[in-house]
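Q: Dropping the sequence and predicted coords here.
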Amino acid sequence: MYYINMDNIENQNTVTTPSSPEVFPGGNYARWASNLLDGIYLSLMALPIFAVFELITDGRLSIEKQAMDRLENNLFLQLFLMIGYLGYYIWFNVKRGATPGRSSYGLKIVRHGSGEYMGFGRAFVREILKLLSYIPLYGTIYFIVNMIIILFTKQKRTIYDLIVDTQVVKV
């Protein structure tokens, strides 16, 4: 099991292992539930952005179908929300080793083998690779393969975890 090394207060970006080399991967339920919780947090943060965007662009707040179609098809808004999504996951994973959702279920993302928190580059590539699951058809296959890997392998590392050499672990 991993724990945060408190010996060096200035550099808390490393996680060390106790004398036992055994690692406890994050469980299926905890991973799913923590992702759902993070999705709820992101949605709650996005609601005011939608409201402000509607007020700025139309001068009124509306939930009419035409207004929602305009919002969904607005490239600027989509890019803004994607940057917010990436920022949320990257910032929390780099600074704390876990998003608020993962923290609430006792999970952290660390470098496989070393137990260190991943840096910005790894976090960025990991999140971009996770976004591949949103591509129609390809994303469905990618998602299913990742779920099979998580369900039936001992280390429970997804394709993007294998590529960037990370692992979700219980703390």
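A: Nice, thanks for sending it over.

Q: Quick check: which ranges of this protein have low pLDDT?
A: 1-22, 57-74 (pLDDT under 70).

Q: Please repeat the previous calculation with a cut-off of 90.
A: Along the chain, the parts satisfying pLDDT under 90 run over 1-29, 31-32, 46-82, 112-118, 130-140, 142-143, 146-147, 149-156, 158, 171.

Q: chain center to the lengthiest helix in it: distance?
A: Counting residues, the longest helix found in the chain (DSSP state H) is helix 28-58. Computed by CA atoms, centre = their mean, to the nearest Å, the chain-centroid distance of helix 28-58 equals 13 Å.

Q: Grab the most central residue of this structure for me.
A: For the chain, Tyr89 is the residue whose C-alpha lies nearest the centre (CA atoms, centre = their mean; 4.5 Å).

Q: which residues touch that one?
A: Asp38, Thr99, Ala123, Glu127, Lys130 (CB atoms under 8 Å, 6 or more residues apart in numbering). In short, each C-beta sits where N, CA and C put it, glycine included.

Q: Sort out which one of the residues you listed lies nearest Gly26 for me.
A: Taking CB to CB as the measure, Gly26 lies nearest Thr99 of the contacts of Tyr89, at 12.3 Å.

Q: Would you map the helices across this protein?
A: Ranges of helices in the chain, per DSSP H, are 28-58, 65-72, 75-95, 100-104, 120-131, 138-152, 159-164.

Q: Could you measure from Met118 over to Gly97?
A: From Met118 across to Gly97, the span is 8 Å (CB to CB, to the nearest Å).

Q: can you list residues touching both of the two?
A: Ile109, Val110.

Q: before we move on, the earlier item: adding distance to Gly113, write the helices of the chain out as JSON lines.
A: Shown next, in JSON lines, are those (distance: least, CB to CB, whole Å):
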{"stretch": "helix 28-58", "distance to Gly113": "20"}
{"stretch": "helix 65-72", "distance to Gly113": "42"}
{"stretch": "helix 75-95", "distance to Gly113": "17"}
{"stretch": "helix 100-104", "distance to Gly113": "20"}
{"stretch": "helix 120-131", "distance to Gly113": "13"}
{"stretch": "helix 138-152", "distance to Gly113": "18"}
{"stretch": "helix 159-164", "distance to Gly113": "12"}
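
Q: among the ones you listed, which is nearest Arg111?
A: helix 120-131 (7.5 Å).
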